[in-house]
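S.K.: Got a sequence here, can you model it:
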Amino acid sequence: MKFKNLILFLFVACIAFPWSCIAQSNESFADLFSDEPQFLPVEQAFQFDFSQADNNLTLSFTIADGYYLYKKQFKTVVKNAEIGEPSYPESVKIEDEFFDEPQDVFYQKVDIDFPIVWSKQDGVVKLQFQGCAEAGLCYPPTTQVVYLNEVVGASSESETEPTTVVSEQFELADLLSGDKSLLIKLVAFLVLGIGLAFTPCVFPMYPILSSIVIGQGKSIGTSRAFSLSFIYVQGMAITYSLLGLVIAIAGAKFTAYLQDPIILSIFIVIFVLLAFVMFGAYELQLPSKWQEKLNNVSNKQKGGSYFGVFLMGAISGLVASPCTTAPLTGILLYIAEQGDLVLGFFALYALSLGMGIPLIAFAVTGGKLLPKAGNWMNIVKVTFGFMMLIVALTFVERMVVHVWTEFAWAALGLALFTYFYVMNQNSAVTLWKGIRTFVIFIGLFGSAFYGLHHYNSLNGTVQNGAANHSAAGHPEFMVVKDLDDFQAKLAAANADGKTVMVDLYADWCVACKEFEKYTFPDPAVVEALDETVWMQIDLTDNTPINLEFQDHFGVLGLPTIMFFDTQGQELSSARVTGFMRAEPFAEHVNRIF
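M.R.: Below you'll find the predicted structure:
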């Protein structure tokens with residue numbers, strides 16, 4: 001009753017003295033009922049300033065009372081310039097609830113001095129920092145951009161000017177932050193997305209979409225195929241875009257969470273069940289009472305519901321999320337540095353919509369060209385059932401890399417082509433039957449040979465994870481255990497006058513395996529890295545040690561290849577994310593070193 005009386009009193013007071021209610025802000029009224037602390041905006045909590053005196057750059061923060069900045073969260077990215085090691089004032093160690101170990105932090109004020117080795121006019125230094133409030137709020141990483149005056153290096157000749165090698169992802173991040181129109185930016189990422197539609201991470205989406213559109217078991221018109229595939233792509237695009245925002249804020253560790261064995265096991269079960277639906281073992285349908293109420297679910301169609309199609313698209317967005325590419329990383333870098341979530345979301349959406357355009361074309365044309373009735377349609381459905389098992393086995397490989405998974409691939413190939421052989425026997429004798437028979441025998445022979453090859457490997461070394469990725473053709477990777485181990489090995493390599501390449505690897509990363517198979521063994525790559533120490537850290541498991549390494553270097557996804565010069569400095573603008581073929585990778589390395 002007291003609460004009701006208080007509300008009634010405030011209501012009468014506002015009617016009798018309206019100016020008093022207008023004069024009092026909503027914040028004052030909220031304070032009457034809330035004891036929650038009021039936090040400052042990040043730009044007020046950490047007031048930034050900078051100054052340049054010849055070849056010295058000073059970055060300053062005035063820190064509000066009750067707030068602090070982390071020393072280890074200061075990171076820089078430089079373009080058209082080169083800066084030396086920073087000089088920090090004395091820090092304070094605190095026990096922080098956000099970290100397991102004591103952290104070095106700064107209170108009140110901090111001045112960070114950087115020597116400028118050289119810089120073009122308007123050379124760029126991007127500083128990322130992160131701080132917290134003692135009352136319990138930790139701000140997301142924030143970026144400040146500083147433009148430098150020209151500094152001529154003491155050892156540089158007048159006719160030669162140092163150049164900074166910039167990777168594609170940094171160029172794309174600059175595209176988003178540049179002066180070009182919004183339409184041009186979005187169209188550029190739409191076109192890049194179309195190219196990504198033909199990468200291994202998107203391949204599992206083709207059988208998923210085909211089972212929805214082509215595998216319905218009856219004739220389907222072009223408009224129906226288009227509407228189903230369009231809804232599917234919307235589910236994929238929205239999920240992919242939202243996940244991108246989360247990854248840009250939370251870092252690559254969120255991607256690793258999606259590779260948790262429990263989550264992957266759920267996906268595996270889903271796709272195995274869908275495979276048996278295609279095989280005709282049972283049908284997925286709503287209860288009869290629900291079917292009577294919902295007109296959009298007809299003829300027991302598992303793929304006819306728009307909601308179900310959208311849901312499958314959302315799951316497909318999760319399928320593609322672990323794959324890091326240069327366009328994706330460029331967008332994530334822009335979001336992490338500029339904090340513009342709106343433009344970042346639409347750029348991600350344009351990218352994923354581009355990935356979906358070939359999917360829509362595949363579904364529409366496949367739905368028109370493939371037979372829709374009779375025995376041929378049953379063969380099509382069973383084929384997509386096998387493709388569902390391929391998707392499930394792809395998820396298995398994200399958890400287990402073992403010779404037995406290779407046997408599973410061989411067995412799946414033998415089963416698929418044996419089915420094709422049996423079905424082909426019942427067809428009429430024509431030239432096309434002969435061609436099909438030849439292709440089927442090639443498939444059977446290839447599957448059997450693949451299984452036999454890996455059976456012979458049981459007598460030798462069984463590959464399992466990143467530790468045994470020492471294939472002939474390139475130098476063996478030096479295994480990095482943790483951040484401290486890496487820094488020690490980096491120092492040892494620098495002492496020998498060597499540069500360092502670090503491969504960030506995970507068993508669930510498809511493109512990481514492409515690097516190992518196609519790029520690293522290439523003679524041009526080996527030659528380019530002749531004076532470089534090859535190091536590799538296995539980030540398959542989401543352990544505190546791996547998370548510390550990713551947080552320290554601001555890793556947004558895998559694969560990531562990092563390069564360090566002979567002074568132990570990372571050439572951050574030359575970092576490579578996403579798969580790169582041997583020739584461009586070798587050229588990239590030659591430009592760096």
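S.K.: use CA for all of it now, contacts and neighbours both
M.R.: Noted.
S.K.: In a helix, V117, correct?
M.R.: No. Counting by DSSP: H, G, I helix; E, B strand; the rest coil, V117 is located in no helix; its state is strand.
S.K.: Now do it: how many residues are near it, please.
M.R.: V117: 16 surrounding residues under other Cα atoms under 10 Å.
S.K.: And stretch 101-118, what's buried?
M.R.: Of all the residues in stretch 101-118, those buried under the rule 16 or more other Cα atoms under 10 Å are 103-107, 110-111, 113-118.
S.K.: just stretch 482-493 next, same as before
M.R.: D482, L483, F486, K489, L490, A491, A493.
S.K.: neighbouring contacts of it?
M.R.: V480, T499, V500, V533, I537, I545, N546, E548, F549, T566, G568 (Cα atoms under 8 Å, 6 or more residues apart in numbering).
S.K.: correct me, but H454 touches W409?
M.R.: No. H454 lies out of contact with W409 (Cα atoms under 8 Å); the separation is 10.6 Å.
S.K.: about what we covered before: out of the buried residues of stretch 482-493, who's nearest L127?
M.R.: L483 (21.5 Å; Cα to Cα).
S.K.: Now the residue nearest to A524 when sequence neighbours are not counted: which helix or strand?
M.R.: Using Cα to Cα, 6 or more residues apart in numbering and skipping residues adjacent in sequence, the residue nearest A524 is A586, 6.0 Å away. For A586, the element it lies in under DSSP states H and E is helix 582-592.
S.K.: That helix: how far from the chain's middle?
M.R.: With Cα atoms, centre = their mean, to the nearest Å as the basis, helix 582-592 stands 23 Å off its chain's centre.
S.K.: With stretch 478-490 instead?
M.R.: For stretch 478-490, the separation from the chain centroid amounts to 24 Å (computed by Cα atoms, centre = their mean).
S.K.: any idea of the mean pLDDT for that stretch?
M.R.: Model confidence over stretch 478-490, given as mean pLDDT, is 92.
S.K.: Can you report phi and psi for R436?
M.R.: Torsion angles at R436 (phi, psi; degrees, to the nearest 10) stand at phi -60, psi -40.
S.K.: what residues are up against the nearest residue to it once chain neighbours are set aside?
M.R.: Closest residue in space to R436, ignoring its immediate chain neighbours: N424 at 7.6 Å, by Cα to Cα, 6+ apart. Going by Cα under 8 Å, 6+ apart, N424 touches K433, R436, T437.
S.K.: Which parts of this structure are strands?
M.R.: Secondary structure of the chain by DSSP state E: the strands cover 46-53, 56-63, 67-70, 75-83, 92-94, 103-106, 109-129, 131-133, 142-148, 478-479, 499-505, 532-538, 560-564, 576-577.
S.K.: Show me what the first one is in contact with.
M.R.: Translated: strand 46-53. L57, T58, L59, S60, F61, T62, I63, A64, V146, L148, N149.
S.K.: Quick one: neighbours of the fourth one, just the number.
M.R.: Same thing as S60. The number of residues packed near S60 is 17, by other Cα under 10 Å.
S.K.: For it, give me its contacts.
M.R.: S60 touches F48, D49, F50, K109, V110, D111, I112, counting by Cα under 8 Å, 6+ apart.
S.K.: Now do the second one against A495, distance only.
M.R.: Translated: D49. Applying Cα to Cα, to the nearest Å, the value for D49 to A495 is 37 Å.
S.K.: repeat for the last one
M.R.: In this structure, I112 and A495 are separated by 27 Å, where distance is defined by Cα to Cα.
S.K.: go on, the first one?
M.R.: Spatial separation of F48 from A495 under the definition Cα to Cα is 37 Å.
S.K.: Next, count neighbours for the residue nearest to Q130 when sequence neighbours are not counted.
M.R.: Spatially, and ignoring its direct neighbours in sequence, Q130 is nearest to P141 (4.7 Å; Cα to Cα, 6+ apart). Other residues near P141 come to 20 when the count uses other Cα under 10 Å.
S.K.: Settle this for me: P141 is touching C132, isn't it.
M.R.: No. P141 is beyond contact range of C132, at 10.3 Å (criterion: Cα under 8 Å).
S.K.: Might you list the low-confidence residue ranges for the stretch 101-250 of the chain?
M.R.: By pLDDT under 70, the weakly predicted segments of the stretch 101-250 of the chain are 153-171, 173, 177-179, 199-201, 203-204, 207, 210-220, 247-250.
S.K.: Would you state the helices of it in chain order?
M.R.: For the stretch 101-250 of the chain, helices defined by DSSP state H, counting those that start in this stretch occupy the ranges 168-177, 182-196, 205-213, 222-250.
S.K.: among those, which is the most enclosed?
M.R.: helix 205-213 (a mean of 25; mean count of other Cα atoms under 10 Å).
S.K.: Just to check, F279 is in contact with G385?
M.R.: Yes. With contact defined as Cα under 8 Å, F279 counts as touching G385 (6.0 Å).
S.K.: Alright, I will stop here.
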